[in-house]
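[1] this one's structure only:
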Ligand SMILES: C/C(=C\C(=O)O)C(=O)SCCNC(=O)CCNC(=O)[C@H](O)C(C)(C)COP(=O)(O)OP(=O)(O)OC[C@H]1O[C@@H](n2cnc3c(N)ncnc32)[C@H](O)[C@@H]1OP(=O)(O)O
């Protein structure tokens, strides 16, 4: 009989002994199943995270967000910032990163996010205080092993209490107890793929703006409207997803989702490998778009959707459609432009889409 109090009771040199022990012990699990969440519950997320200049630069550099106002103090001041600011994509990824342990570490996918509102510029050195409220829980009709949960999350400056950013996000969350499904949402393998479906009427002409200022977007929209056309274009740059992006960036935001860093756990999943953090994928595509635009400030995002996995070796490209220009919004030297951005991979499959409103410099 093994004496379990003996320091050498488990002989690690004998693989069979260790494997037998592993088979018999319980796993101390992380995260929460769908059943844990009830509408109205409020959760204050424990992990503290201080926005750092290093984290900001690592995020921006790797995702190709190379706007000088976030790298050069003189350009930051010209842009009206008090100092070098935290990039909005980095801020948003950090606010969401620290929620993962409580909300979604159990697995399941980040489906979408809406009402992303940037309320105040954040600066490196700011300590985050993040809370979430369960807004909705529902059964997934297509996947009986999952439920669908929506939370509203708010990221504040812990010192001043001011809200920096807020949003609503929706995830698939595994159920402890799968439910019987009526299968109404299930997609049969023999259904036509979206590529076979009838192609809707697209405008015959697609207009590209001459430049990236507010006036360029306004003029292009006007031209398009007169000709029954649309303003839409793609961006040349692409970024191939490597380990640093897929595993490194989410971990730096304290995002503990196994999807991004545990290749072993993901080997048997539908993606077969680790997948990029949705915030990394979108940030890359947005960087491509911003490189063709005179962005002044990020304002809001709506209806962000993550359509498909992005895995190691995939390349993320960007497509932009211009939806609206509002000359009355923002300071005099800017106007608000609303874009629809799509991130797509090397197979031209959309992986992200979202509607973004940004203030863009006029001339
Ligand atoms: C941080 C983080 C994880 C974390 O947080 O820890 C991450 O970064 S992880 C990486 C980023 N992420 C992804 O890599 C997912 C990519 N994506 C896919 O791989 C496919 O999308 C799918 C396999 C998930 C589904 O594929 P699909 O079955 O073809 O998709 P759909 O049928 O459209 O959606 C199924 C059900 O989700 C409902 N639904 C969809 N979108 C929304 C929305 N926005 N709001 C409310 N409900 C929504 C839909 O209404 C349907 O509901 P029902 O099940 O009831 O029909």
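    Looks like it arrived, so ask away. The structure presented is a predicted model; accordingly, all values stated were derived computationally and were not measured.

[2] any idea how far the closest residue to residue 269 other than its chain neighbours lies from the ligand?
    Using Cβ to Cβ, 6 or more residues apart in numbering and skipping residues adjacent in sequence, the residue nearest residue 269 is residue 259, 7.7 Å away. C-beta: built from backbone N, CA, C; applies to glycine. Residue 259 sits 5 Å away from the ligand, going by Cβ to the nearest ligand atom, to the nearest Å.

[3] sec struct for residue 259, please.
    Under DSSP: H, G, I helix; E, B strand; the rest coil, the three-state class of residue 259 is helix.

[4] burial measure for it, as a count.
    The number of residues packed near residue 259 is 27, by other Cβ atoms under 10 Å.

[5] For it, list the residues it contacts.
    With contact set as Cβ atoms under 8 Å, 6 or more residues apart in numbering, residue 259 has these partners: 107, 109, 266, 269, 271, 274, 275.

[6] thought the last one was touching residue 258?
    No: using Cβ atoms under 8 Å, residue 275 is not in contact with residue 258; the gap is 10.2 Å.

[7] who touches both of those two?
    By Cβ under 8 Å, 6+ apart, residue 275 and residue 258 have these common neighbours: residue 266.

[8] So which of these two has more stuff around it?
    A count of neighbours by other Cβ under 10 Å puts residue 275 above the other of residue 275 and residue 258, at 27 against 18.

[9] Can you give me the separation between the residue nearest to residue 269 and residue 359?
    In this view, residue 259 and residue 359 are 34 Å apart by Cβ to Cβ, to the nearest Å.

[10] which residue packs closest to the residue of the chain found nearest the ligand, ignoring adjacent ones?
    Minimum separation of the chain from the ligand (Cβ to the nearest ligand atom) falls at residue 112, amounting to 2.4 Å. In space, residue 112 comes closest to residue 305 once its chain neighbours are excluded; the distance is 4.5 Å by Cβ to Cβ, 6+ apart.

[11] next one: residue 107
    residue 174 (5.2 Å).

[12] tell me the contacts of the one you found?
    When contacts are counted by Cβ under 8 Å, 6+ apart, residue 174 touches 33, 34, 106, 107, 108, 145, 146.

[13] from what I can see the second one touches residue 173, true?
    Think residue 34. Yes: contact criterion Cβ under 8 Å: residue 34 and residue 173 qualify, at 4.4 Å.

[14] got any residues that touch both of these two?
    146, 147, 149.

[15] Contact residues of the stretch 151-300 of the chain facing the ligand?
    Neighbours of the ligand within the stretch 151-300 of the chain, by Cβ under 6 Å from any ligand atom: 170, 171, 172, 185, 255, 257, 259, 275, 277, 278.

[16] ok, now with 8 Å
    169-172, 184-185, 187, 250, 255, 257, 259-260, 270-271, 275-281 (Cβ under 8 Å from any ligand atom).

[17] Quick check on those: which are buried?
    By neighbour count, with 16 or more other Cβ atoms under 10 Å, these hold 169-172, 250, 255, 257, 259-260, 275-281 as buried.

[18] what's the domain layout of the chain?
    Using automatic domain parsing, the domain ranges for the chain come out as 27-191, 200-363.

[19] what's the closest non-adjacent residue to the residue sitting nearest the centre point of the chain?
    In the chain, the centroid-proximal residue (Cα atoms, centre = their mean) is residue 279; its distance is 2.4 Å. Spatial nearest neighbour of residue 279, chain neighbours left out: residue 93 (3.9 Å); criterion: Cβ to Cβ, 6+ apart.

[20] quick one: the one you found is in a helix?
    Yes: under three-state DSSP, residue 93 sits within a helix.

[21] helix, strand or coil for residue 218?
    Going by three-state DSSP: residue 218 is helix.

[22] Tell me which strands the helix or strand that contains the residue nearest to residue 112 pairs with, and in which orientation.
    Assessed by DSSP states H and E, residue 305 sits inside strand 295-306. The strands beside strand 295-306 in its sheet (DSSP bridges) come out as strand 110-118 (antiparallel), strand 350-361 (antiparallel).

[23] Most tightly packed of the ones you listed?
    A comparison of the strands paired with strand 295-306 by mean neighbour count, using mean count of other Cβ atoms under 10 Å, puts strand 350-361 on top with a mean of 21.

[24] touching the ligand at all, that strand?
    Yes: contact of strand 350-361 with the ligand (Cβ under 8 Å from any ligand atom) involves residue 351.

[25] average pLDDT across that strand?
    For strand 350-361, mean pLDDT rounds to 98.

[26] in the strand holding residue 305, what's buried?
    In terms of neighbour count (16+ other Cβ under 10 Å), strand 295-306 has its buried residues at 295, 296, 297, 298, 299, 300, 301, 302, 304, 305, 306.
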